[in-house]
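> What follows is a protein structure lacking sequence information:
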């Protein structure tokens, strides 16, 4: 494994450098094209000042991550160290890029075509399901697919029949992709949380799964580097937003790494923030509909959802929410590492 440590270091450095160096030029380009974010009126009133901030910035770190992965594989091939495990980094990036492409189309419709709703929910879910199945099929034909699901804390792996495993993966992937998307509502929030979750996958793959998952480690470290470079411009006050282009790419990447490492259920721990955001929306919507039917008026559990907005409404600053949510993620990732 020592021969691959250079590859993981190169991955994070390259992705960071490319994103940080070319970021200002890309942001200026978005300004010239007037690809600014429209802020929805139902959100916190003070978010309206963010209207017009360039969006689709996810392209910045996606390019940096992609270039890092490709250069890494090329160098490894030249040094004759290329293995199926390393090639997995390219497969993961390619499928995650598919999710990013869905987000790009959605952003393009909203920002360029000025149609606020973008793709319909059915269109997005359908495309995401197709990509989830495509990933399973690709891994199956490359003889890299394991239908095991590891249970945290007891380290027991359940072998699932393929007919059950495929819909399970579809649920995990689509759920994670949209959970990450919901988390992207504050400056630097999704970026910061995902840096930590990606670092978890990189460390776990490298130290706990040997050369079999070195590709995951390379891909995850490229994400860490790309997002650290992006955070230079995305931290509060943000100069650019990642848009659905970036959040769907990241959601796909996190889900695919978990699936590849048989850590589907671990996502509930390391991705707790993602799922807390999603659960808050589900609970709020369900309770509102229930109380409206029963009492004639809708009532709310939270002041606003996703839950990061609830904390805003009770007086927390964006920077405090990002710090706390990141700290929670870090603690839970540490627990998951030993689970």
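Everything's here; your move. Quick caveat: nothing in here was measured; it's all calculated off a predicted structure.
> Residue 23 touches residue 60, doesn't it?
Yes. With contact defined as C-beta atoms under 8 Å, residue 23 counts as touching residue 60 (5.3 Å). Every residue, glycine included, has its C-beta placed from N, CA and C.
> More neighbours: which of these two?
Using other C-beta atoms under 10 Å as the criterion, residue 23 and residue 60 rank with residue 60 on top: 28 against 21.
> quick one, what contacts the more buried one?
Listed by C-beta atoms under 8 Å, 6 or more residues apart in numbering, the contact set of residue 60 reads 19, 22-23, 26, 226, 229-230, 233, 240.
> try it again with 10 Å
The contact partners of residue 60, by C-beta atoms under 10 Å, 6 or more residues apart in numbering, come to 18-20, 22-27, 30, 226, 229-230, 233-234, 240, 242, 245-246.
> Walking through this structure, point out its helices one by one.
Under the criterion DSSP state H, the chain contains helices at 5-33, 58-78, 84-111, 121-141, 162-183, 189-208, 214-234, 243-260, 267-270, 272-295, 307-313, 318-338.
> so what sits against both of residue 23 and residue 60?
229-230, 233-234, 240.
> list the contacts for residue 173?
Neighbouring residues of residue 173 by C-beta under 10 Å, 6+ apart: 95, 99, 128-129, 131-133, 135-136, 251-252, 254-256, 258-259, 264.
> make it 6 Å
By C-beta atoms under 6 Å, 6 or more residues apart in numbering, residue 173 lies in contact with 132, 255.
> so where is the stretch 151-300 of the chain shaky, pLDDT-wise?
210-212 (pLDDT under 70).
> at 80 instead, please
209-213 (pLDDT under 80).
> Could you tell me how many residues sit around the closest residue to residue 220 other than its chain neighbours?
Excluding its sequence neighbours, the residue lying closest to residue 220 (C-beta to C-beta, 6 or more residues apart in numbering) is residue 202, at 3.7 Å. Using other C-beta under 10 Å, residue 202 is surrounded by 24 other residues.
> Likewise for residue 313?
Using other C-beta under 10 Å, residue 313 has 12 neighbouring residues.
> What residue, apart from its backbone neighbours, is nearest it spatially?
residue 303 (3.9 Å).
> same question, residue 109
residue 118 (4.6 Å).
> measure that neighbour to residue 331 for me?
Going from residue 118 to residue 331 by C-beta to C-beta, to the nearest Å gives 35 Å.
> quick one, which of these two is more surrounded?
Between residue 118 and residue 331, counted using other C-beta under 10 Å, the more crowded position is residue 118 (18 against 12).
> correct me, but that one touches residue 112?
No. At 10.6 Å, residue 118 does not count as touching residue 112 under the criterion of C-beta atoms under 6 Å.
> before we move on, the earlier item: got a PyMOL select line for the buried ones in the shared contacts of residue 23 and residue 60?
Selection of buried members from those for PyMOL, criterion 16 or more other C-beta atoms under 10 Å:
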select buried, resi 229+230+233+234+240
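> Switch the shared contacts of residue 23 and residue 60 over to a markdown table; also include distance to residue 311.
Formatted as a markdown table, the shared contacts of residue 23 and residue 60 follow (distance: C-beta to C-beta, whole Å):
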| residue | distance to residue 311 |
| --- | --- |
| 229 | 27 |
| 230 | 23 |
| 233 | 24 |
| 234 | 19 |
| 240 | 23 |
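> Could you point out which of the shared contacts of residue 23 and residue 60 is nearest to residue 278?
Nearest to residue 278 among these is residue 234, at 21.4 Å by C-beta to C-beta.
> any idea how far that closest one lies from residue 188?
Distance from residue 234 to residue 188, by C-beta to C-beta: 5 Å.
> Quick check: the gap between residue 104 and residue 97.
Noted for residue 104: a distance of 10 Å to residue 97, by C-beta to C-beta.
> count of neighbours near residue 26?
Neighbour count for residue 26, taken as other C-beta under 10 Å: 18.
> whoops, residue 77 was the one
Neighbourhood size, residue 77 [other C-beta under 10 Å]: 12.
> Just list the residues touching the nearest residue to residue 310 once chain neighbours are set aside, thanks.
In this structure, residue 310 finds its nearest non-sequential neighbour in residue 302, 4.2 Å apart by C-beta to C-beta, 6+ apart. Shown in contact with residue 302 (C-beta under 6 Å, 6+ apart): 280, 284, 310.
> got a pLDDT number for residue 302?
At residue 302, the model reports a pLDDT of 95.
> Ok, residue 44 next?
What the model reports for residue 44 is a pLDDT of 67.
> Repeat that for residue 86.
The model's pLDDT for residue 86 equals 82.
> show me the contacts for it.
Residue 86 sits next to 76, 214-215 when contact means C-beta under 6 Å, 6+ apart.
> Alright, calling it a day.
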